[in-house]
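Asker: fold the following, please.
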Amino acid sequence: MDIVKLGWGTAVATGNLEPKLERLRAHGIPVVLGGTLTELAISQGRVEGLVRWLRELGLDHVEVSDGTITMAPGEKCELVRRLASEGFTVLSEVGSKDAKTIMAPYRWVEQIEAELEAGAWKVIAEARESGTAGIFRADGEVRMGLIDEIAHAIDPERMLFEAPRKDQQVWFIERFGPEVNLGKHRARRRPLARDAALGLRSDTMRP
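Answerer: Residues are numbered from 1 along each chain as shown. This is a model prediction of the structure:
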């Protein structure tokens with residue numbers, strides 16, 4: 001595990017963020033808070049407050065996404081550029097959480113290229129926790145033409161493909177090899193006791 005993403009629920013709602021961060025720091029694992037928190041800060045005009053909070057927490061990774069809000073591509077890239085210039089390792093995310101929203105492959109490539117140029121460390125290809133949106137169809141099938149077009153234009157090392165389901169993970173490993181960067185969502189209905197005490201139900205990413 002190379003980096004852990006704490007979604008807004010496990011980062012804020014469960015109320016025990018500091019113990020989680022201590023546990024992960026003890027193992028040298030970087031943490032990024034989910035992009036939904038960034039989207040909330042953007043929609044409320046509180047990006048400065050988010051940045052202060054991240055620094056108070058000692059976090060140097062940040063995710064910039066627009067999966068639940070409408071944001072002009074230029075505005076998003078400017079935020080990526082600003083955060084990267086302030087010393088953050090920025091993960092940006094492309095794609096909508098709405099399964100009904102379909103974006104042409106060339107638009108995916110344009111946005112990914114623009115966000116990498118703006119200073120993103122890696123770009124996450126959206127899939128939702130269910131694996132039924134973004135780079136996947138509503139039934140969970142991989143949008144193979146989309147992935148091939150992205151891989152043709154973008155170095156896969158600069159990408160992080162969300163793949164919540166085992167069959168989806170297998171597809172990416174067979175397509176790109178075992179070193180492919182996969183975001184693997186971990187959400188157990190009955191977490192182990194040692195994790196339950198800390199609420200360690202999180203998204204895990206392997207860049």
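Asker: give me the pLDDT for residue 34.
Answerer: Reported pLDDT at residue 34 in the predicted model: 91.
Asker: how much space separates the closest residue to it other than its chain neighbours from residue 86?
Answerer: Counting by C-beta to C-beta, 6 or more residues apart in numbering, residue 7 is the residue found nearest to residue 34 once chain neighbours are left out, at 4.2 Å. C-beta coordinates here come from the backbone N, C-alpha and C atoms, glycine included. Noted for residue 7: a distance of 23 Å to residue 86, by C-beta to C-beta, to the nearest Å.
Asker: please report how far the residue nearest to residue 34 lies from residue 170.
Answerer: Residue 7 is 24 Å from residue 170, by C-beta to C-beta.
Asker: between the two ends of stretch 24-33, how far is it?
Answerer: Chord length of stretch 24-33, first to last residue, is 13 Å (C-alpha to C-alpha, to the nearest Å).
Asker: could you pull out the buried residues of it?
Answerer: Of the residues in stretch 24-33, 24, 30-33 count as buried by neighbour count, 16 or more other C-beta atoms under 10 Å.
Asker: now for the residue nearest to residue 122 when sequence neighbours are not counted, how many residues are close by?
Answerer: The shortest distance from residue 122 to any non-neighbouring residue, by C-beta to C-beta, 6+ apart, is to residue 160 (4.9 Å). Residues contacting residue 160 under the criterion other C-beta atoms under 10 Å number 24.
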